[in-house]
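Trainee: return a 3D structure for these sequence lines:
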Amino acid sequence: MALQISATNPEQPALLLDLPWHTQLDRWPDEHLVALPRGISRHVVRFASAGPEVMAVKEITERAAVREFGLLRDLHRLGIPAVDPVAVVTGRVGPDGEPLESALITRHLKGSLPYRSMFESTMRPTTVKRLMDALAVLLVRLHLAGFAWGDCSLSNALFRRDAGAYAAYLVDAETGQIQQSLSRGQREYDIELARMNIAGELMDLEASGSLHPSVDPVPFGAAIVRRYEDLWHEVTRESVYPVDKRHYIDRRIRRLNELGFDVAEMQIARSPVGDTVTFLPKVVDAGHHQRQLLRLTGLDAEENQARRLLNDLESWMAGEEDYAPGDPLGARPEVLAHRWVRDVFRPTVRAVPLAMRGDMDAAQIYHEVLEHRWYLSEKAGKDVGLETTIEDYIAHVLPDQVSAMTPSTEAEARFSP
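Mentor: Numbering: from 1, shown residues only. Just a heads-up that it's a prediction; the model follows:
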């Protein structure tokens, strides 16, 4: 069978044809490869340059490649944080005429790291907890969408900085399946696998001396179960309120918004005697602040980054003369948001030299500038302003980050669009 490349974008096959598909992946020449940190995988995985982009290439059977490609596309349509599927390559044949395994190609997630690379410098327990929180949020989002992962672990996720926290992305969907909804037993199976896998991964780190002495693998493995159960309970529980306390429903919705979820559909029922109201969020969508920021400004950011940027936007709007909420003669929020992007956000990000940004995206840069502004203002006892903050941030914060940049991060920065 001739070589076939099935891609999501009609422009991709031409770029991918230049890669040495007639050679086993673990023997690809260095000229095609990009030195980026790789996680543990049961398959051979390499990062390769295809035009201006970096692709992750995984060598697996044709059936598994096609199935995982389809699952990743489904997750992408559902808005679930996962690596972006690019293509499946089949019909590979070596120079000796022997067939080679097929390949699944995904787009490298810029700014992401596998957990083992993050533990190369011993992480504090609070940072490890943030990783667990990010993985728990991802698992809840998957289960809400009806996706049973079947192999939840730190190894099968990638992590990106999201303001002061992390965002987790699914990177391996090979064992997953999508259904209309999941039973309690299916969810509990996923959670138990996560607990065992994470405890085992932390034990491996402990054996290699990469784990903080105060981190006990077993309790930390169990912590994701508690975090998951708390979050799942909050987004799915049924609430019963007195009929004269209907504003409690608004309070519950605001609480879900604070957790990053929107209530897309709800069920409200009054008791037969009319003294209570039952509220049940039937459909809960993640990404509340992301969608709000995107609608107002056109900026696409992680959830915590979006929350921070929205807070800054609201503070800035309050100081504008034509800001008059509820007044039809006042400027619309979209107009003020566009002005904030043009006059505040973009100039701040552009002030940071490209060579010093590393793997940080624009939203993360702006978040760090805001954090530094708070630090300087606390120290000075007054607001020091953005201009002073940017100068100090470039002079005293960024140099330390650049000196700590690893060779793999430098390679990513070179190949990132």
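
Trainee: restrict stretch 272-292 to CA atoms and write it as CSV.
Mentor: Extracted as CSV, the C-alpha positions of stretch 272-292 are listed here (Å, rounded to 0.1, in the frame of the first residue of the first chain):
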residue,chain,number,x,y,z
PRO,A,272,-45.8,20.2,45.7
VAL,A,273,-46.5,22.3,48.8
GLY,A,274,-44.7,25.3,47.3
ASP,A,275,-42.3,26.0,50.2
THR,A,276,-39.0,24.9,48.5
VAL,A,277,-37.3,25.2,45.1
THR,A,278,-35.0,22.5,43.7
PHE,A,279,-32.1,23.6,41.5
LEU,A,280,-30.0,21.2,39.4
PRO,A,281,-27.4,22.2,36.9
LYS,A,282,-28.0,19.8,34.0
VAL,A,283,-25.3,20.9,31.7
VAL,A,284,-22.1,22.6,33.0
ASP,A,285,-19.5,23.9,30.5
ALA,A,286,-15.9,24.7,31.6
GLY,A,287,-14.1,27.8,30.5
HIS,A,288,-16.4,30.6,31.8
HIS,A,289,-13.7,33.3,32.1
GLN,A,290,-12.0,32.1,28.8
ARG,A,291,-15.2,32.7,26.9
GLN,A,292,-16.0,36.0,28.6
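
Trainee: show me what counts as buried in it.
Mentor: Residues Val277, Phe279, Pro281, Val284, Asp285, Ala286, Gly287, His288, His289, Gln290, Gln292 are the ones in stretch 272-292 that count as buried (16 or more other C-beta atoms under 10 Å). Every residue, glycine included, has its C-beta placed from N, CA and C.

Trainee: pLDDT on that stretch, on average?
Mentor: Within the predicted structure, the mean pLDDT of stretch 272-292 is 82.

Trainee: with stretch 352-365 instead?
Mentor: Across stretch 352-365, pLDDT averages out at 86.

Trainee: can you give me the strands in the stretch 1-150 of the chain?
Mentor: 4-7, 44-50, 53-60, 84-90, 102-107, 112-113, 147-148 (DSSP state E, counting those that start in this stretch).

Trainee: typed the wrong thing, it's the stretch 251-400 of the chain
Mentor: Counting by DSSP E, counting those that start in this stretch, one finds strands in the stretch 251-400 of the chain at the ranges 261-270, 276-286.

Trainee: in CSV, list the strands of the stretch 1-150 of the chain along with mean neighbour count and mean pLDDT.
Mentor: Shown next, in CSV, are these (neighbours: other C-beta atoms under 10 Å; pLDDT from 0 to 100):
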stretch, mean neighbour count, mean pLDDT
strand 4-7, 16, 88
strand 44-50, 20, 91
strand 53-60, 22, 93
strand 84-90, 22, 93
strand 102-107, 23, 94
strand 112-113, 22, 86
strand 147-148, 21, 96
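
Trainee: ok, which of those comes nearest Leu33?
Mentor: strand 44-50 (5.8 Å; C-beta to C-beta).

Trainee: so which elements touch the closest one?
Mentor: helix 12-16, strand 53-60 (3 or more C-beta pairs under 8 Å, 6 or more residues apart in numbering; DSSP states H and E).

Trainee: just put the ones you listed in CSV and tack on distance to Tyr166.
Mentor: Conversion of the helices and strands packed on strand 44-50 to CSV gives the following (distance: least, C-beta to C-beta, whole Å):
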stretch, distance to Tyr166
helix 12-16, 29
strand 53-60, 20
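
Trainee: list the contacts for the spatially most central residue of the chain?
Mentor: Taking C-alpha atoms, centre = their mean, the centroid of the chain lies closest to Ala167, which sits 3.7 Å from it. By C-beta atoms under 8 Å, 6 or more residues apart in numbering, the residues touching Ala167 are Pro81, Ala134, Phe159, Arg160, Arg161, Glu302, Glu303, Asn304.

Trainee: so it sits in a strand?
Mentor: Yes: the secondary structure assignment for Ala167 places it in a strand, going by DSSP: H, G, I helix; E, B strand; the rest coil.

Trainee: which residues does it bridge with?
Mentor: Bridge pairing for Ala167 (DSSP bridges) gives the partners Arg160.

Trainee: and Glu387, how many neighbours?
Mentor: Close neighbours of Glu387, defined as other C-beta atoms under 10 Å, add up to 11.

Trainee: hang on, the earlier thing: nearest to Gly209, of the strands of the stretch 1-150 of the chain?
Mentor: Ranking those by their distance to Gly209 (criterion: C-beta to C-beta) puts strand 112-113 first, at 19.4 Å.

Trainee: by contact count, what packs against the closest one?
Mentor: With contacts taken as 3+ C-beta pairs under 8 Å, 6+ apart, strand 112-113 sits against strand 157-162.

Trainee: now the strand it packs on and strand 53-60, what's the angle there?
Mentor: If you take axes from the mean of the first three to the mean of the last three C-alpha atoms, to 10 degrees, strand 157-162 sits at 160 degrees to strand 53-60.

Trainee: 29 is where my numbering starts, stick with that
Mentor: Right, with 29 as the first residue, what we last looked at is strand 185-190.

Trainee: helices or strands up against strand 185-190?
Mentor: Contact here means 3+ C-beta pairs under 8 Å, 6+ apart; on that basis strand 185-190 packs against strand 140-141, helix 143-146, helix 153-172, strand 193-198, helix 331-346.

Trainee: is it true that Gln329 touches Arg319?
Mentor: Small correction: residue 329 is Ala, not Gln. No: contact between Ala329 and Arg319 fails when scored by C-beta atoms under 8 Å: they sit 10.8 Å apart.

Trainee: circling back: dump the helices and strands packed on strand 185-190 into JSON lines; add distance to Gly178 as well.
Mentor: Formatted as JSON lines, the entries for these read as follows, by distance: least, C-beta to C-beta, whole Å:
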{"stretch": "strand 140-141", "distance to Gly178": "22"}
{"stretch": "helix 143-146", "distance to Gly178": "19"}
{"stretch": "helix 153-172", "distance to Gly178": "10"}
{"stretch": "strand 193-198", "distance to Gly178": "11"}
{"stretch": "helix 331-346", "distance to Gly178": "25"}
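
Trainee: what's the closest of these to Arg66?
Mentor: Go through the helices and strands packed on strand 185-190 one by one with C-beta to C-beta and the one that ends up closest to Arg66 is helix 143-146, at 8.4 Å.
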